[in-house]
Each structure stands twice: as structure tokens, then as C-alpha cells.
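Trainee: Here you go, sequence then predicted model.
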Amino acid sequence: MKITKFMNAVMMTAAITFGGGAVQAQQSGGSLVFLVQPEPPTMAGYVSTSGPIGLLGPKIYDGLFDYDNDGKMIPVLAESVDMSEDGKTVTFNLRKGVTWHDGKPFTSADVQFTIMDVLKKVHPRGPNSFKEVSSIDTPDAHTVVLNLDNPAPYMLRALSAYESPMVPKHLLEGEDIKSAKLANNPVGTGPFKFTEWKKGQYIRLDKNETYWKEGRPYIDRIVGRFIPDASTRASAMEKGEVLYAAYNAVSNVEAVRLNKEKDNISITTDGYSMINPMALIEFNTKEGPFTDAVVRRAISTAIDRQFMLDTIFFGYGNPATSALSSNFAATGLHAEMPHYPANGDVAAANKMLDDAGYKKDSDGVRMTAMFDLIPYGEDWKRGGQYIQQVLGEIGIQVELRYEDVPTWLKRIYHNYDFEMNLNYFYQLADPVLGVHRHYGTNMIRKGTHFVNSSRYSNAGLDALLGAGMKEPNAESRSAIYLEIQNILARDMPVVNLFELEFLTVYNTKLKGAYGSAMGAYSSFGDAYLEE
Amino acid sequence: MNDFWKLFSRNRSAVLGLLILCLVIFVASIASLIYPGDPFLYSKYPLSKPGENGFLLGSDSIGRDVASGIAHGAKTSLLIGLIATFAAVLIGVIFGALAGYYGGLVDDVLMRVTEVFQTIPSFIFAILLVAIIKPSIESVVIAITVVSWPAVARLVRGEFLALKNREFVQACHTLGMSDYRIMLKEILPNCLSPIIVIGSLMVATAILIESGLAFLGLGDPNVMSWGFQISDGRSMLRVAWWICTFPGIAILITVLAINLVGEGLNDALNPRLRERN
């Protein structure tokens, strides 16, 4: 596979880094220009988890920890973490001598403020991640003690600069956090300082000369460029004008071509394991044609997931086999479920609908429906057109609807004015962080994006979700999630399609930027350019 | 009729245009016969080169037949072109006729309205309209109509202004004919030829606007069209050139053919140009 090329690059980097006495060392200096697509609305990563903010935010703001590609925690602003026996007290020992970009010292008060007043209140996922945190003590300037109501082991997976950036208390205290000036003039502790934002063109970050890590960052300047046109992005990559493009900013078809044709361009699927994206169809379970679970199961059975991956995403990704991603198999939280045939089974789906009494009329149509498509580009439109054809084969005639982003969000998450919706969700590093929001009754939050828009509500499932959140024992936890997956494979308020694998395209001149599990959402403090 | 054909056929390129146009109409009308299935139907052979796996013009990224798309797209393009033009001509004639015939306040009001429409760049206005109404075949037709009628209104107004004081119209007045009858039965037939010419050219513009909208992703996602094919294949131009090249050629020759026919009609119907060539 193409990945070997990347592995070679990693090995080479490793050889250079650890090879003691090797001729080359990390070179300081240079500008890294990379693609940010689309332009972010603000730079407030503590208010919005929007992708483009994630590409730039973690270069400016540090988190308490980062994670390597094996999922191990790498100390950043916290040097270590201790958890008490009962899991209800978590103590962070903060790094000393860290300063904000404006020169003020970073202390435990900043951490306390960030978690209690920012992440728990205005962050989209923070209320979930830090749900159990009832109070925070700061015995001294470099010790933070979190008091929890219940053990919350998943919290330790949500401490990266993208998921939980540490923000300066002195610039936010007393302000309305959502509209504070900090959003467009970010001040963090990260390796790069915010310098300039030319709307419609680029955001420029410069080296933080007083960064806490000795000798880092290597790069003098980072420029995130916005190029709205897909072909122009690909040619900018080809010409070496930009050196790095993540989250399919360069489409798979072009990425594969560049990897093959250009010696200095490689691709990787690393750096997305903490994001864990899942393509899916959300159904309106309260009204319209899909209130009956049989129909939803039939749809899941009919779709040829492998075909969609092969043709639309050029083979990158895995067919979904359950409500939970197979990436959770490592922690024992994944099991293969029925009604998820990788290659689709139209005959079986037709039989399910026949048996349930949905008769085909003379044109072979059992029911008609409107199918909304996530307005994130032509890949999704193509996917929708494929599904439209397959559903036609099982007698469900759907019309496609493709609107602009605000209209679509409003339709799905404010008005619930839809029948079925093609979408993708980040399942993140733990089901509590990324999956619960899709199914819990308490996650039917009108007006909040990317939560339970199906309005599926099942008291039994709610109880299991609650139990899964608190269970510290891995084996019992895996049993709970097996039951959850069984219920969801039966009721299917959401039909998962495939685990997306995003591609990062990079110029081999850029080294040292691939060690974090956060991938493009990492700090780039260790990245350097080789001329 | 024979005279008309003689005049028309003197313009060789117009005849060529007519032939091509007839071919396009023919393909559009038998699209469902030669490609009976849905043009959106996927297959297991994505990105086949032209001629490979039984695809005359190749297949796209999910294995849809490009040739089938072009045949079905021809139907869409021609229908949208004709319907939108018909609607635009109808509205334009009514506005222009009333303004030209009555003059005065009616003229002022109607022409100011027309000017409002004319001052907005037409393609941007069409994008706006389709974005406001949801993208569908109806909204595309409405958008094209709304941006196309002012030109007709202007033209018809000019013709009516020139004709309304001629002797034959005055004679009609003397005979006590109603305004409605004079406009419809006497003046309109006399300015039909420029309307036919502008109408024929408008079909070409309408096809271009439709393709442009579909290219920008504002077409009806349920209807196959040339613009959609180009927009879908554009990102793959370097890997699979055939996906957007063939629909592009289809648009090019259709629009060219319609323009040639329009030119020929102009030559044949405009008495002042009869001695040309």
C-alpha cells in the first residue's frame, strides 16, 4: 500500500532524530504554508469544534496533554496526572515557567477557569467530557485538583489542545465568553503566536520565542491558506506552494494521483484515530416514512458500503459493522452486529419489507421520501445519488435535497424538518465523548448541532448509556456496550455507513509533524523543514 | 414558406446549424430508447475509459455511463431552454406591447420595472434566485425566465413604438377595432420576425445559464444535465478527462448550432438583410 511510503518517511525521520551523530539535524527556520479548508469563522477553539479552527488553534493554544499514535499521553502543560483509587480525584501537576504570549504567567487558576467557566459552559462537547467535575481546587500555582462526582476515565482522552485548549483567565474573566475579543486575537501558550488574519486569504502565525520547550518550535512562521477551489488546492500542493493538506482538503482522487506521480508528495491516514469519523444516515423517528425500525434496518441491509468506499473515497475507510466504530475494538467496546452487510443485500432488504407488509405498487414503489445531503462537497452528493439508486431497488423512491450549510443545519437540528439525512459524526476517542450525544434522550437538544436529531428515546438505552459512562471495570463496560450495540442494531435510529479515513497529503520536505494522534489538530512544535 | 427556406438555405452555416440541432433533438427524443435505465444508475466499473467495459464515452467515478448522461442531459437542456424562452418571450411581449402601445405613464412604469431587472447582472441574479428557492428544475426555469425577459420587452416596445403610428394601425382605429385586437392581430404579426430571432438566440443562452447553475452545484440533483456532469467530473479532470470533456463538447456544439440557426433566421426574416451574401 501507499502507506509504506509514509512508514519509510517516519523511519527516516526517526533515524535522523535518534541516529546520534547523523549528518542532518532538525533545521530551524523557514515558513510552513499549509491548506486550511474552509476559512474558519473565528479562532475560538474553546467555543466551536469546527474543523478549520482545529487546524490552527492547537498551534496557538496548548492542552494539558497530547497523545501519540499509540494513544499514550504526552505531557504538555501538565507534567503528570494522578488519579485516586476511587477515580474521583484527579490531580494535574503543571509545568513551571510557562507564560502566555502576552508575557503573563500560566498558573493553576487558568486551568480552573478554563474547565469550570469555559469548557463546561460554552464548549460543544465540554459539558459531556467534564460532566462529573464538580469543583476544582488549586492548592498552589502549579497543582490542579479535580473533584469528581463519579469516576470519568474517558476525561483523560479529552485533554488535547484541540478538544480542551487552555485559555488565559486574565483575558476572558468577566467577559461574555462567546463574544470576547480573544476569539479573533488568540493569546495562548503554544509554540506559535497569532500575527495576522487576512480575510479570504490566510492566517499567519509566528514563532513563540519564549516557548517553554527548549529549542522549539523549529519553524519560524506558519501560514494557513484558504483556497476555495478544489482543483486549485490540488495544484498548489503539486507545485509545492503548500506543504501540507489534511482532512481531504486535497480530494482522495488527486491525493492518490499526486502520491503516485510526485516523488516529494506522500499521503497518510495517520493522525485521525482520536477523531474517528463515521459516515451515517440520520432518520426522523418521530414522523414521516421512517418511524418503523424495519424500514431503517432494510435500508441498512441494502446499501453496499464497500462499493461506496471503493468508488467515492477510493478505498479509504472501513464499512461500518455496528453503531460503534471498529476503532473501539482496542478497548473492547465494539462488536459486529446484524443488518450491516459490507456488500449490501438487496434481496434480503426487499424480503424484510415484503414480510413487514410494505407492498410495492405497479411502478415498484413502496414509499417515497426526501433525502437531505450534507452540503460538504461532491463526494457526499455522489454518495447520496448512489443511495438513491439502491433505495429505488428496494422500492423506496427518494428525492435528493442539497442546500447551503446554514439552511441545512437549521432544517435538521432546529426544525427537525427532514426524513432522512446523510451526514458524518466524529465518534472521538471514547463512545461517551462522541457517540452518546447521538442517542441519549437528554441529547434531544433543539437548536444544538450534531446531537440526537432522530429524537430517538429509549429509557432502557438511556440507563445503559449512564452506566457505561461510570463503569470503571473494562470487562463490565464492554458488556454494557455490547447491550447498547444490540439495542441500536435493532432500533437503528441512525444507520452507520462507513468509518471514514481522511487522507493527509504532505510534501516530504516537512518532517516531524506526524507524531501526534491529533494529526493536523496538533501543535507542530516539533515540525521542521528540510531544504 | 418556399421563399423563406430559399433565403434561409442561402446561409450555409445556418443549414449546418439546423442539421446539428436536429441531431441533438433526435438524440434527446430517443434517449430513453437507447439508454432505457436511469442515467444516475451506478455500475461496478467506475472510471472506465471511453470504449472500455461497454461505455462508449467512458464512465464516471461511481460507474455511471457518460454517454447515457449526455443523451438524457440533452433532453433536460433543450426542455429547459425551450420552456424558459417561451415564458420569457410571453412576459416580454406583454410588457413591451403594453408599454409601446400606450406610452406615457404605462410606458414609464413598465420600463422602470424592466430597468430594475436589467441593471442586475443576469447570471448572478439567476444564482441568487435559485439559492433562495430550493434548487430544482422549476426554480432553474423560473430563474432563467426572470433574467431573460427584459431584453424581449425592450425589443417589442421599440417595434410597437415604430408601428403604432403607421397608416394601417390608424385605419384600424378608424374602423373602431379594440386596442386588444389591434395589438394582437395587427401590430404583433408585423414584429414577429425579430422576436423569433431573439427567441432562438435566447434558447442558447438559457442552456448556458442552466449548465452554469448546475456547474456551480445549483442544478436539480435529481435531474441529469450537462452542467451537472461537468461539475461532477471537474475535480477528476487530471485522472479521467472524459467525464467532463464530452458534456462540454455537447454544450459547445448545441449552443453553436442554435446560434447559427438564429443567425440564419435573422437573414431570412429581416428584409433589410435580404441582399446580403
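Mentor: Arrived safely, thanks for sending.
Trainee: how about the residues of chain B near chain A?
Mentor: Within chain B, the positions near chain A by Cβ under 8 Å from any Cβ of the partner chain are B:38, B:40-42, B:44, B:46, B:61-63, B:131, B:134-135, B:217, B:221-222, B:231-232, B:234-239. To be clear about C-beta, it is placed using only N, CA and C from the backbone, and glycine gets the same treatment.
Trainee: Among the residues you listed, which are located in strands?
Mentor: Residues of those located in strands (DSSP state E): none.
Trainee: Run through the residues of chain A sitting next to chain B.
Mentor: Within chain A, the positions adjacent to chain B are A:230-231, A:234, A:251, A:253-254, A:257, A:307, A:310-312, A:373, A:378, A:381-382, A:384-386, A:388-389, A:392, A:399-404 by Cβ under 8 Å from any Cβ.
Trainee: And stretch B:212-232, how far out from the chain middle?
Mentor: Taking Cα atoms, centre = their mean, to the nearest Å, one finds stretch B:212-232 lying 17 Å from the centre of the chain it belongs to.
Trainee: Please apply the same query to stretch B:229-248.
Mentor: The answer for stretch B:229-248 is 24 Å, by Cα atoms, centre = their mean.
Trainee: Other residues contacting that stretch?
Mentor: Residues from elsewhere that reach stretch B:229-248 (Cβ atoms under 8 Å, 6 or more residues apart in numbering or on different chains): A:230-231, A:234, A:251, A:253-254, A:257, A:378, A:381-382, B:47, B:49-50, B:57-58, B:60-61, B:66-67, B:69-70, B:73, B:211, B:214-217, B:219, B:226-227, B:251.
Trainee: Report the buried members of the residues of chain A next to chain B.
Mentor: Using 16 or more other Cβ atoms under 10 Å in any protein chain shown as the burial test, these include A:230-231, A:234, A:251, A:253-254, A:257, A:307, A:310-312, A:373, A:378, A:381-382, A:384-386, A:388-389, A:392, A:400-403 as buried.
Trainee: when you check those residues against the strands, which ones overlap?
Mentor: A:Leu373, A:Leu400, A:Arg401.
Trainee: For chain B, state which of those is nearest.
Mentor: If you rank these by distance to chain B using Cβ to the nearest Cβ, A:Leu400 comes first, at 4.2 Å.
Trainee: Quick check: helices, which of the residues of chain B next to chain A are part of them?
Mentor: Using DSSP state H, the subset of the residues of chain B next to chain A located in helices is B:Ala131, B:Ser231, B:Asp232, B:Arg234.
Trainee: Helices along the stretch 101-250 of chain B, start to end?
Mentor: Ranges of helices within the stretch 101-250 of chain B are B:104-119, B:122-132, B:137-163, B:167-175, B:179-181, B:188-190, B:192-215, B:226-234, B:242-269, based on DSSP state H, counting those that start in this stretch.
Trainee: can those go into a markdown table with extra columns for mean neighbour count and mean pLDDT?
Mentor: A markdown table is the format used below for the helices of the stretch 101-250 of chain B (neighbours: other Cβ atoms under 10 Å in any protein chain shown; pLDDT from 0 to 100):
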| stretch | mean neighbour count | mean pLDDT |
| --- | --- | --- |
| helix B:104-119 | 13 | 94 |
| helix B:122-132 | 17 | 91 |
| helix B:137-163 | 22 | 94 |
| helix B:167-175 | 12 | 92 |
| helix B:179-181 | 11 | 91 |
| helix B:188-190 | 13 | 89 |
| helix B:192-215 | 22 | 91 |
| helix B:226-234 | 25 | 88 |
| helix B:242-269 | 21 | 92 |
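Trainee: So which residues of the stretch 101-250 of chain A form helices?
Mentor: For the stretch 101-250 of chain A, the helices defined by DSSP H, counting those that start in this stretch occupy A:108-113, A:120-122, A:126-129, A:169-172, A:230-238.
Trainee: neighbouring contacts of the last one?
Mentor: Applying Cβ under 8 Å, 6+ apart, the external contacts of helix A:230-238 come out as A:35, A:37, A:225, A:227, A:242, A:245, A:249-251, A:254, A:258, A:262, A:265, A:377, A:505, A:507, B:234-235, B:237-238.
Trainee: Show me just the buried residues among those residues.
Mentor: Neighbour-count burial (16+ other Cβ under 10 Å) is assigned, among the contacts of helix A:230-238, to A:35, A:37, A:225, A:227, A:242, A:245, A:249-251, A:254, A:258, A:265, A:505, A:507, B:234-235, B:237.
Trainee: For A:Val495, what is the enclosing helix or strand?
Mentor: Assigned by DSSP states H and E, A:Val495 belongs to strand A:494-500.
Trainee: from the chain's centre, how far out does that strand sit?
Mentor: Worked out by Cα atoms, centre = their mean, strand A:494-500 lies 14 Å from the chain centre.
Trainee: How far away from the center of its chain is whichever helix or strand comes after it?
Mentor: As assigned by DSSP H and E, the chain's next helix or strand after strand A:494-500 is strand A:504-507. Between the centre of strand A:504-507 and the centre of its chain there are 19 Å (Cα atoms, centre = their mean).
Trainee: quick check: mean pLDDT across strand A:504-507?
Mentor: Taken as a whole, strand A:504-507 carries a mean pLDDT of 95.
Trainee: Likewise for stretch A:381-390?
Mentor: 92.
Trainee: same thing with stretch A:68-84?
Mentor: Stretch A:68-84 carries an average pLDDT of 91.
Trainee: Only the buried residues of that stretch, if you could.
Mentor: A:Asn69, A:Met73, A:Val76, A:Leu77, A:Ala78, A:Val81, A:Met83.
Trainee: now do stretch B:31-45
Mentor: Burial within stretch B:31-45, assessed by neighbour count using 16+ other Cβ under 10 Å, is assigned to B:Ala31, B:Tyr35, B:Pro39, B:Phe40, B:Leu41, B:Tyr42, B:Ser43, B:Tyr45.
Trainee: Ends of it, what's the gap?
Mentor: Stretch B:31-45 has an end-to-end distance of 22 Å (Cα to Cα, to the nearest Å).
Trainee: Pull up the gap between the most centrally placed residue in chain B and B:Ser29, please.
Mentor: For chain B, the residue nearest the mean C-alpha position is B:Val203 (1.5 Å; Cα atoms, centre = their mean). Taking Cβ to Cβ, to the nearest Å as the measure, B:Val203 falls 16 Å from B:Ser29.
Trainee: Quick one: neighbours of B:Ile30, just the number.
Mentor: Using other Cβ atoms under 10 Å in any protein chain shown, B:Ile30 is surrounded by 12 other residues.
Trainee: need the contact list for it.
Mentor: B:Ala71 are the contacts of B:Ile30 under Cβ under 8 Å, 6+ apart.
Trainee: what's in contact with stretch B:32-48?
Mentor: A:307, A:310-311, A:385-386, A:388-389, A:392, B:52-53, B:55, B:58-65, B:67-69, B:71-73, B:224, B:236, B:239-240.
Trainee: Give the buried subset of those residues as a PyMOL selection command.
Mentor: Of these, the buried ones can be selected in PyMOL as follows, counting by 16+ other Cβ under 10 Å:
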select buried, (chain A and resi 307+310+311+385+386+388+389+392) or (chain B and resi 55+58+59+60+61+62+63+64+65+67+68+69+71+72+73+224+236+240)
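Trainee: beta partners for A:Met78?
Mentor: Let me fix one detail, which is that residue A:78 is Ala and not Met. Note on A:Ala78: beta-bridge partners by DSSP bridges are A:Leu94.
Trainee: show me the residues around it that make contact.
Mentor: With contact set as Cβ under 8 Å, 6+ apart, A:Ala78 has these partners: A:Leu64, A:Phe65, A:Phe92, A:Asn93, A:Leu94, A:Arg95, A:Val144, A:Leu159.
Trainee: buried subset of the residues you listed?
Mentor: By 16+ other Cβ under 10 Å, the contacts of A:Ala78 give A:Leu64, A:Phe65, A:Phe92, A:Leu94, A:Arg95, A:Val144, A:Leu159 as buried.
Trainee: Include pLDDT and distance to B:Arg181 when you put the residues you listed into a markdown table, please.
Mentor: Putting the buried ones among the contacts of A:Ala78 into a markdown table (pLDDT from 0 to 100; distance: Cβ to Cβ, whole Å) gives the following:
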| residue | pLDDT | distance to B:Arg181 |
| --- | --- | --- |
| A:Leu64 | 96 | 87 |
| A:Phe65 | 95 | 87 |
| A:Phe92 | 96 | 92 |
| A:Leu94 | 96 | 93 |
| A:Arg95 | 96 | 93 |
| A:Val144 | 96 | 91 |
| A:Leu159 | 94 | 84 |
